[in-house]
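Student: here are the coordinates; sequence isn't available:
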């Protein structure tokens, strides 16, 4: 049990290369403690993380819509390593390591092997050192499960209507972890709760390097993102018309996939305490043809921009808190932070380069959600399981009895 472990002894003189410092986070979520607060600001952890996490993972470096046509160039980076993407005259996507100003000068740069560049879900991924498992294995069941979205999510089908970026005084992991828990919604995003209520959330994650949860059913609360304001993505299953999927692909991209549009965020690590986010609002052609589509999409963008700004403000405050010498670790909130526990253990897997878990792809949760991965239509969805909030309240009442 966790009570038998002396956390204080573990949290003095961190050696980020040894398994002992991560042992409290390796426990089952009910007994586990989070990563030490120093992982969000320590330069030594940051330097190791660049090589062990970022360079050995499939990192999202662009939207496919950023590099659609031959001759297009798009500059990105992987933990400070510059990457240039382009499409050649045949339409093939190519990646180069370094900075360039012209298409002609690309040939002077080292090319990223084609096997280290891949596309899925409308995203471009790069694995710099080539050590990670194949991209499809990395994404696991996520791509086949989203097969009805895939036509719209692949190159040429999505329409990026708005783009923005955010320069944030917080570590990248805090931004991911903020996205992965939803009990802050009533305090921070009350308007969002009118559409995607806390009690309608359920964890939703199968096999793959991703974390997620679902909201079902979505409700109409008089907000810009109310369902039904625009046509849904063509060919998606009926039950998805009332459902949102909140997905984070390790290590650096997250988005809430709504029936009509979604706001996707890609992170780039700049320093231990600085992250830049690149965000894109995307929809599909049928939505653009709807009456007042431009005005509606502007409202949708402003709504998500506000939500993201609210999250950034609290993450910057959490950054200050985790930087305090008085803070070492915290306990996970059971029933609400299984996703964060999964994420932090992915980080640990990558940091421990000599462990057999180095390239582990986690399996799915035993009780993933009431929206089963195999559900094919609205009629096949059974009555919802007990909600996350209700389950937590019941468990706590039983413990106090």
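Tutor: That came through, no problem. All values reported here derive from a predicted model rather than from experimental measurement.

Student: Show me where this structure has its helices.
Tutor: 7-10, 23-26, 43-49, 135-139, 142-145, 147-153, 172-180, 185-188, 190-193, 285-288, 293-322, 338-351, 388-400 (DSSP state H).

Student: Tell me the buried residues in the fifth one?
Tutor: What it means is helix 142-145. Neighbour-count burial for helix 142-145, counted by 16 or more other Cβ atoms under 10 Å, picks out 142, 143, 145. No exception for glycine: its C-beta is placed from N, CA and C like everyone else's.

Student: Make JSON lines out of those residues and add pLDDT.
Tutor: JSON lines is the format used below for those (pLDDT from 0 to 100):
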{"residue": "142", "pLDDT": "92"}
{"residue": "143", "pLDDT": "90"}
{"residue": "145", "pLDDT": "87"}
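
Student: Now render those as JSON lines, adding distance to residue 174.
Tutor: As requested, these are exported to JSON lines (distance: Cβ to Cβ, whole Å):
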{"residue": "142", "distance to residue 174": "24"}
{"residue": "143", "distance to residue 174": "28"}
{"residue": "145", "distance to residue 174": "28"}
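
Student: one step back: please identify which of the helices of the chain is closest to residue 86.
Tutor: Of all these, helix 135-139 sits nearest to residue 86, with 19.3 Å by Cβ to Cβ.

Student: picking that back up, distance to residue 217 for the helices of the chain - can I get that in a markdown table?
Tutor: Formatted as a markdown table, the helices of the chain follow (distance: least, Cβ to Cβ, whole Å):
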| stretch | distance to residue 217 |
| --- | --- |
| helix 7-10 | 41 |
| helix 23-26 | 34 |
| helix 43-49 | 39 |
| helix 135-139 | 27 |
| helix 142-145 | 19 |
| helix 147-153 | 18 |
| helix 172-180 | 21 |
| helix 185-188 | 16 |
| helix 190-193 | 14 |
| helix 285-288 | 20 |
| helix 293-322 | 19 |
| helix 338-351 | 21 |
| helix 388-400 | 15 |
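
Student: Worst mean pLDDT among those helices?
Tutor: In terms of mean pLDDT, the lowest-scoring of those is helix 7-10 (a mean of 48).

Student: Show me which positions of stretch 165-177 end up buried.
Tutor: 166, 168, 170, 171, 172, 173, 174, 175, 176, 177.

Student: Export those to a markdown table and append columns for distance to residue 90.
Tutor: A markdown table is the format used below for the buried residues of stretch 165-177 (distance: Cβ to Cβ, whole Å):
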| residue | distance to residue 90 |
| --- | --- |
| 166 | 36 |
| 168 | 38 |
| 170 | 42 |
| 171 | 40 |
| 172 | 35 |
| 173 | 39 |
| 174 | 42 |
| 175 | 37 |
| 176 | 36 |
| 177 | 41 |
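
Student: for those, which one is nearest residue 305?
Tutor: Once Cβ to Cβ is applied, the member of the buried residues of stretch 165-177 that ends up nearest residue 305 is residue 166, at 9.1 Å.

Student: For the closest one, list each beta-bridge partner.
Tutor: Beta-bridge pairing for residue 166 (DSSP bridges): residue 277.

Student: mind checking how far residue 166 is from residue 219?
Tutor: Noted for residue 166: a distance of 28 Å to residue 219, by Cβ to Cβ, to the nearest Å.

Student: and if you look at residue 288?
Tutor: 25 Å.

Student: ditto for residue 292
Tutor: 22 Å.

Student: so what's the closest residue to residue 210 other than its chain neighbours up against?
Tutor: Take residue 210 and drop its neighbours on the chain: the residue closest to it by Cβ to Cβ, 6 or more residues apart in numbering is residue 249, 4.9 Å away. Residue 249 is in contact with 60, 121, 123, 139, 142, 209, 210, counting by Cβ atoms under 8 Å, 6 or more residues apart in numbering.

Student: Show me which of the residues you listed are buried.
Tutor: Buried members of the contacts of residue 249, scored by 16+ other Cβ under 10 Å, are 60, 121, 123, 139, 142, 209, 210.

Student: hey, what's the closest residue to the third one other than its chain neighbours bridged with?
Tutor: Translated: residue 123. Spatially, and ignoring its direct neighbours in sequence, residue 123 is nearest to residue 60 (5.1 Å; Cβ to Cβ, 6+ apart). Listed beta-bridge partners, residue 60: residue 125 (assigned using DSSP bridges).

Student: I'd say residue 60 and residue 255 touch.
Tutor: No. With contact defined as Cβ atoms under 8 Å, residue 60 does not reach residue 255; the gap is 10.4 Å.

Student: what do the two both touch?
Tutor: Common neighbours of residue 60 and residue 255 (Cβ under 8 Å, 6+ apart) do not exist.

Student: What distance do you get for the residue nearest to residue 210 to residue 86?
Tutor: Counting by Cβ to Cβ - residue 249 and residue 86 are separated by 23 Å.

Student: circling back: quick one: which of the buried residues of stretch 165-177 is nearest to residue 235?
Tutor: Of these, the one sitting nearest to residue 235 (Cβ to Cβ) turns out to be residue 176, at 30.5 Å.

Student: Tell me if I'm right that that closest one and residue 265 touch.
Tutor: No. Using Cβ under 8 Å, residue 176 is not in contact with residue 265; the gap is 9.7 Å.

Student: For these two, list the residues in contact with both.
Tutor: Residues touching both residue 176 and residue 265 (Cβ under 8 Å, 6+ apart): residue 254.
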